[in-house]
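**Student:** sequence first, then the predicted structure:
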Amino acid sequence: NLTVTLTPLPIVDLGSDLSICGVAAQTLDAGSGSTNYLWSTGETTQTIDVSTSGTYSVSGTYSVPVGNGSTSNTNSLDFDGAASTKVAFNNLSNLNAGDGDYITISFWMDWNDGDDCIPISLKYYDLIFYNNGFGFNHSVGDVYGVSDNLLTGGWHHVTAVFYDAIGSENAHDFEKLYIDGVQQSLTYISPPNGGLGDPTPSNVNFSYQELLIGTIYTSDGLQFNGKMDELSLWNGILSDNKIQQLVNCPPDLNEVGLVGYWDFNNNNGNTLTDLTSNGYNGTINGWSWSNETPNQICNSCTAADTI
């Protein structure tokens, strides 16, 4: 079944033409509800006072709610931290495949404050909560990122830029991490101590890796506990402006560089549906659906009137 919800277009109504003869000033009111206004006079307030005859026009930008109560974002996925809980995406053949390539992963996350867990992984290259920090992980003990205090207290939007290093390059020198649309200054929360994985992940070949949500390996003790929503996967590095847009607005499915987009709203069986034409559906294990979603407001339409 497909549910289509139509949001009525906003209306700006300045009313009938007015006479200002013998009146010191007349107040024009564009009405409430717009996130910003632009009058033909250059003013940007809801109301303006005019004392000169002429034609005045105004336009407003209106927002559409995306989460919490809106039918456009009704579900998230709840991970309970159990050993088998994960979502697996295989054969992402459209991802960049060469050394020196970047990919970007963007998602919403409501973390339950448990340490030592991995919400997103690509083989030995992942995002991890560890040692009171959150960031990129290449090997045992390695966390290059920020204090995990930035991720407490409910939903937060995360965008991470991964790099497939060339030769002896350290991928950490090229990585980027954004929390709620703001780029973070990264540092070693915990230095690598060798062992499993590679401190400098070269020859990653992202297109051949299994993308996992909620873990890196089944029963490894690093299972994520919390909720996730609105996952998108991209080739290359997104602009700061685009990352800020993703905080509130879903991507256009035809955007350049978009490899996969999962809105978590199918709520049907054990499949997480990719809404792009690539069809990279995920297989869910140990899952449960939640109707708790992040608050998002997407500026999506304008209205105007003239008097």
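**Tutor:** Nice, thanks for sending it over.
**Student:** C-alpha only now, for contacts and for neighbours.
**Tutor:** Will do.
**Student:** poorly predicted segments of the stretch 151-300 of the chain, please.
**Tutor:** Low-confidence segments of the stretch 151-300 of the chain (pLDDT under 70): 193-203, 217-220, 267-268, 299-300.
**Student:** quick one, helices of it?
**Tutor:** 240-248 (DSSP state H, counting those that start in this stretch).
**Student:** what ranges do the strands span in it?
**Tutor:** Secondary structure of the stretch 151-300 of the chain (DSSP state E, counting those that start in this stretch): strands located at 155-163, 176-179, 182-183, 187-190, 211-213, 225-235, 258-262, 271-272, 282-285, 288-290, 297-306.
**Student:** correct me, but residue 154 touches residue 113?
**Tutor:** No - taking contacts as C-alpha atoms under 8 Å, residue 154 lies outside contact range of residue 113: 9.7 Å.
**Student:** more neighbours, the two?
**Tutor:** Regarding residue 154 and residue 113, a neighbour count based on other C-alpha atoms under 10 Å identifies residue 113 as having more, with 18 against 13.
**Student:** okay, the more buried one: pLDDT?
**Tutor:** Looking at residue 113, its pLDDT is 82.
**Student:** for it, give me the backbone phi and psi.
**Tutor:** For residue 113, the backbone dihedrals are phi 70, psi 20 (criterion: degrees, to the nearest 10).
**Student:** OK, contacts around it?
**Tutor:** Contacts for residue 113 were tallied using C-alpha atoms under 8 Å, 6 or more residues apart in numbering; they are 152, 225.
**Student:** kindly report the same for residue 163.
**Tutor:** 100, 101, 102, 103, 171, 174, 175.
**Student:** how near is it to residue 237?
**Tutor:** Using C-alpha to C-alpha, to the nearest Å, we find residue 163 at a distance of 10 Å from residue 237.
**Student:** for residue 115, same thing?
**Tutor:** On the measure of C-alpha to C-alpha, residue 115 and residue 237 end up 29 Å apart.
**Student:** try residue 82
**Tutor:** 33 Å.
**Student:** please apply the same query to residue 123.
**Tutor:** Look at residue 123 and residue 237: by C-alpha to C-alpha, they are 20 Å apart.
**Student:** who's more crowded, the two?
**Tutor:** Legend: neighbour count by other C-alpha under 10 Å for residue 123 and residue 237, higher for residue 237 (20 against 17).
**Student:** how about the contacts made by the more buried one?
**Tutor:** Contacts of residue 237 (C-alpha under 8 Å, 6+ apart): 102, 103, 104, 161.
**Student:** name the helix or strand for the residue lying closest to residue 238 once chain neighbours are set aside, please.
**Tutor:** Once flanking residues are discounted, residue 238 sits nearest to residue 104: 7.1 Å by C-alpha to C-alpha, 6 or more residues apart in numbering. Using DSSP states H and E, residue 104 falls within strand 102-111.
**Student:** show me what that strand pairs with in its sheet, parallel or antiparallel.
**Tutor:** Strand 102-111 sits in its sheet next to strand 155-163 (antiparallel), strand 225-235 (antiparallel), going by DSSP bridges.
**Student:** now the angle between strand 225-235 and the helix or strand just after that strand, please.
**Tutor:** Remark: after strand 102-111, the chain's next helix or strand is strand 117-122, criterion DSSP H and E. For strand 117-122 against strand 225-235, the angle by axes from the mean of the first three to the mean of the last three C-alpha atoms, to 10 degrees is 20 degrees.
**Student:** pLDDT on strand 117-122, on average?
**Tutor:** 90.
**Student:** that one: how far from the chain's middle?
**Tutor:** Chain-centre distance of strand 117-122: 16 Å, with C-alpha atoms, centre = their mean, to the nearest Å.
**Student:** could you list the paired strands of it along with their orientation?
**Tutor:** Strand 117-122 has the following strand partners under DSSP bridges: strand 125-130 (antiparallel), strand 211-213 (antiparallel).
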